[in-house]
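Student: build me a structure from this.
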Amino acid sequence: MEKVLLLNGSHSEITLLMELKKLGKYVITTGNLPGSFVHSFADEYIREDYSDKEAVLKIAQEKAVDGVVSCANDFGIITASYIAEKMGLSGHDPYETTRLLHQKDLFKEFAMKNHMQVPESKKYQSVEEALANEGSVPYPVIIKPADLTGGKGVSHVWDAVAYEKGIRTAFERSRKKVVVVEQFITGTYHSFSTFLINKKVAAYYSDNEYSNVYRYFVDTSAGPADHEEEVKEILIRQAEIAAEKLNLVNGVFHMQYVMDENRVPYVIDITRRCSGDIYPEPVEHATGIPWAKWIVMSELGYGEENFSERGKQEKICGRHCLMADREGIVKDVVISETLKPFVYRVVQWWNPGMEITNHCTDKAGILFYEFPDRETMLDITGRIKELVKVELR
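Tutor: Numbering: from 1, shown residues only. Just a heads-up that it's a prediction; the model follows:
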């Protein structure tokens, strides 16, 4: 039986783990979450920080794994590509290519050089350098650690006082001590998730994104995205430019973009790994494509003949993370009668007494919904905060 190392065991990896088991693999999970229910579905769990590429490489070598699958985190895909390169495993881009795509400073430099539609940005390697160049990107700007995701250390600033504070915060959070200052694009947020086969987009899924709890963390999505027909060819071309220039292997190429006031899509982030919070579920529900299966097969180096299913985004659906508006102890999760007819699945791990230690990131579960039309989708997602409540005691 082939051994596969899956680089975490949070709820975001459950669909990947289940697909690996269906493929008959012996699955070893890792990560710093020994209490996660997901590990119970694996054949083996070894506690280790998946961002520590040398430590995880040692595990992979000692266990003589036949493949490695990333978790839903940028550090995970970077570690996975490092292991694959060191052990001669297929299914991943070269380590330096993966770093380029998943570290904001490197990707923005590549994107601007290759005329991709991205916001203007500058990178800085010290607080002093960033402060000396205050105003080089016109206000308002977004300040981001170059190597973190999920809104960690991000600031949206409008003046010099806020700029200094944002710079210091970003440098404190960044592991490699590099910060990106990026033009703030006014508009709406969306995702465009594609799957590359032979450097061409073979399938895609789009959605609208909403941040109801913390402005830099997406907790709700539904699609197809607004104006999808207007922008899909532009975004497909963006993905294929990167694939051609970087000689990318088969696999997911997920883009987050802002649709500005002039209906121009600006790509603000990309990833080549599974998106978090059980993202493959609505993709598969909408398109009929087994998204999680495709991801694990691509990361294990399966040939293109294994990606024969094709589909398009036909259903109107999405997901919502069950999150509280403050820290505390969970009493109950209440879903309104208005929303219930549209909910087709709920994955929950909360129980009375569960503690919310960081309401900006902690989740009690995820619900998935399907709507009969776009009007209903827009109405429900616009009111989702009133329709789902995580009650605390």
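Student: these two touch, right, residue 342 and residue 380?
Tutor: Yes. Residue 342 is in contact with residue 380 according to C-beta atoms under 8 Å; the separation is 6.5 Å. From N, CA and C alone the C-beta is placed, and that goes for glycine too.
Student: what touches both of these two?
Tutor: Common neighbours of residue 342 and residue 380 (criterion: C-beta atoms under 8 Å, 6 or more residues apart in numbering): 369, 371.
Student: what is the neighbour count of residue 177?
Tutor: By other C-beta atoms under 10 Å, 16 other residues sit near residue 177.
Student: nearest residue to it other than its sequence neighbours?
Tutor: The shortest distance from residue 177 to any non-neighbouring residue, by C-beta to C-beta, 6 or more residues apart in numbering, is to residue 171 (6.1 Å).
Student: and the next element down the chain from the host helix or strand of residue 240?
Tutor: Per DSSP states H and E, residue 240 falls inside helix 228-246. Scanning forward in sequence from helix 228-246 by DSSP H and E, the next helix or strand is strand 251-260.
Student: buried set for that next one?
Tutor: 251-259 (16 or more other C-beta atoms under 10 Å).
Student: name the residues that touch the following helix or strand past it?
Tutor: Sequence-wise, the next helix or strand downstream of strand 251-260 (DSSP H and E) is strand 265-271. Contact with strand 265-271 is made by 74, 77, 101-102, 104, 107, 111, 116-119, 149, 182, 185, 187, 190, 192, 231, 234-235, 238, 242, 252-260, as judged by C-beta under 8 Å, 6+ apart.
Student: and stretch 368-382, by the same measure?
Tutor: If you take C-beta under 8 Å, 6+ apart as the criterion, stretch 368-382 is touched by 208, 210, 220, 222, 278, 281-282, 285, 315-320, 338-339, 342-347, 387.
Student: so for the closest residue to residue 153 other than its chain neighbours, what's the pLDDT?
Tutor: In space, residue 153 comes closest to residue 173 once its chain neighbours are excluded; the distance is 3.1 Å by C-beta to C-beta, 6+ apart. Model confidence at residue 173, given as pLDDT, is 92.
Student: from residue 143, how far off is residue 173?
Tutor: Noted for residue 173: a distance of 11 Å to residue 143, by C-beta to C-beta, to the nearest Å.
Student: neighbour count for those two, which is higher?
Tutor: Of the pair residue 173 and residue 143, residue 143 is the one with more neighbours under other C-beta under 10 Å, namely 26 against 16.
Student: you'd agree the more buried one is in a strand?
Tutor: Yes. Assessed by DSSP: H, G, I helix; E, B strand; the rest coil, residue 143 belongs to a strand.
Student: got the end-to-end distance for stretch 132-143?
Tutor: 15 Å (C-alpha to C-alpha, to the nearest Å).
Student: give the buried residues for that stretch.
Tutor: By 16+ other C-beta under 10 Å, the buried positions in stretch 132-143 come out as 137, 141-143.
Student: for stretch 318-331, same thing?
Tutor: Those would be 318-324, 328, 330, for stretch 318-331 by 16+ other C-beta under 10 Å.
Student: from the residues you listed, pick the one nearest residue 54.
Tutor: Set against residue 54, the nearest of the buried residues of stretch 318-331 by C-beta to C-beta is residue 321 (32.8 Å).
Student: was I right about the closest one contacting residue 360?
Tutor: No. At 11.2 Å, residue 321 and residue 360 do not qualify as touching, with contact defined as C-beta under 8 Å.
Student: let me see the contact set for the residue most central in space within the chain.
Tutor: Residue closest to the mean C-alpha point of the chain, counted by C-alpha atoms, centre = their mean, is residue 275 at 3.5 Å. Residue 275 makes contacts with 72, 191, 193, 254, as judged by C-beta under 8 Å, 6+ apart.
Student: CA atoms only for stretch 169-187, dumped as PDB, please.
Tutor: Extracted in PDB, the C-alpha atoms of stretch 169-187 (Å, rounded to 0.1, in the frame of the first residue of the first chain):
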ATOM      1  CA  THR A 169       2.600  45.400  12.900                       C
ATOM      2  CA  ALA A 170       3.400  43.600   9.600                       C
ATOM      3  CA  PHE A 171       7.100  43.300  10.300                       C
ATOM      4  CA  GLU A 172       6.300  41.900  13.800                       C
ATOM      5  CA  ARG A 173       4.200  39.200  12.200                       C
ATOM      6  CA  SER A 174       6.200  38.300   9.100                       C
ATOM      7  CA  ARG A 175       8.500  35.300   9.600                       C
ATOM      8  CA  LYS A 176      10.900  36.300   6.900                       C
ATOM      9  CA  LYS A 177      10.700  40.000   7.800                       C
ATOM     10  CA  VAL A 178       9.500  41.200   4.400                       C
ATOM     11  CA  VAL A 179       6.400  43.400   4.000                       C
ATOM     12  CA  VAL A 180       4.400  44.400   0.900                       C
ATOM     13  CA  VAL A 181       2.700  47.800   0.600                       C
ATOM     14  CA  GLU A 182      -0.100  47.500  -2.000                       C
ATOM     15  CA  GLN A 183      -2.400  49.900  -3.700                       C
ATOM     16  CA  PHE A 184      -5.900  49.500  -2.200                       C
ATOM     17  CA  ILE A 185      -8.500  48.700  -4.900                       C
ATOM     18  CA  THR A 186     -12.000  49.800  -4.100                       C
ATOM     19  CA  GLY A 187     -14.400  47.100  -5.200                       C
END
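Student: stretch 34-42: which residues count as buried?
Tutor: 36, 38-39, 42.
Student: quick one: mean pLDDT for that stretch?
Tutor: 92.
Student: would you mind measuring the gap between the ends of it?
Tutor: 12 Å.
Student: for the buried residues of stretch 34-42, which one is nearest residue 306?
Tutor: Closest approach to residue 306 among these (C-beta to C-beta): residue 42, at 23.0 Å.
Student: residues near the closest residue to residue 138 other than its chain neighbours, how many?
Tutor: Distance criterion C-beta to C-beta, 6+ apart; nearest residue to residue 138, sequence neighbours excluded, is residue 183 at 7.1 Å. When neighbours are defined as other C-beta under 10 Å, residue 183 has 17 of them.
Student: nothing else from me, thank you.
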